[in-house]
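Chemist: 3D, please:
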Amino acid sequence: MGLRSTTDPLFQIEKVFDKVKNMDDIDIDKLEDFFTATEEWNTAVNMSNSMAFISQFGEYNPGGGKDEVLKYLIESKKQVVIADKSLTTIIGILGI
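Modeler: I've put the predicted structure just below:
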């Protein structure tokens with residue numbers, strides 16, 4: 001997703017989100033929507049990363065197999081879509 005390396009576009013994006021609180025030109029009426037979107041972003045990113053990591057071991061668990069791997073990867077993809085939607089909302093609120 002572009003979060004790990006210093007050259008990735010979303011590296012440490014949470015720090016940018018934190019700075020928004022101190023921006024003078026943000027619409028105060030949109031602040032709650034901003035915080036909701038950042039919470040959704042953080043949750044989705046964490047879930048996506050977790051599901052992708054867990055998928056590596058799906059074949060080796062009792063009762064596991066390729067179907068289990070696929071199940072975790074599909075859930076990871078769903079979370080990426082949610083993260084994308086949240087980031088789009090954040091960008092719209094900030095007008096960037």
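
Chemist: Do I have it right that Gly64 meets Gly58?
Modeler: Yes. Taking contacts as CB atoms under 8 Å, Gly64 lies within contact range of Gly58: 4.9 Å. Every C-beta, even on glycine, is put in place using the N, C-alpha and C of the backbone.

Chemist: the more surrounded of those two?
Modeler: Per other CB atoms under 10 Å, whichever of Gly64 and Gly58 has more neighbours is Gly58, with 18 against 14.

Chemist: Let me know the helix or strand that that one is in.
Modeler: Taking DSSP states H and E as the definition, one finds Gly58 inside no helix or strand.

Chemist: burial measure for Val80, as a count.
Modeler: For Val80, using other CB under 10 Å, the count is 18.

Chemist: Not counting sequence-adjacent ones, nearest residue to it?
Modeler: Nearest non-adjacent residue to Val80, counting by CB to CB, 6 or more residues apart in numbering: Ser48, 5.1 Å away.

Chemist: need the next SSE after the helix or strand that contains that neighbour, C-terminal direction.
Modeler: Assigned by DSSP H and E, Ser48 belongs to helix 31-55. Later in the chain than helix 31-55, the nearest helix or strand by DSSP H and E is helix 66-94.

Chemist: which other helices and strands contact that following helix?
Modeler: helix 31-55 (3 or more CB pairs under 8 Å, 6 or more residues apart in numbering; DSSP states H and E).
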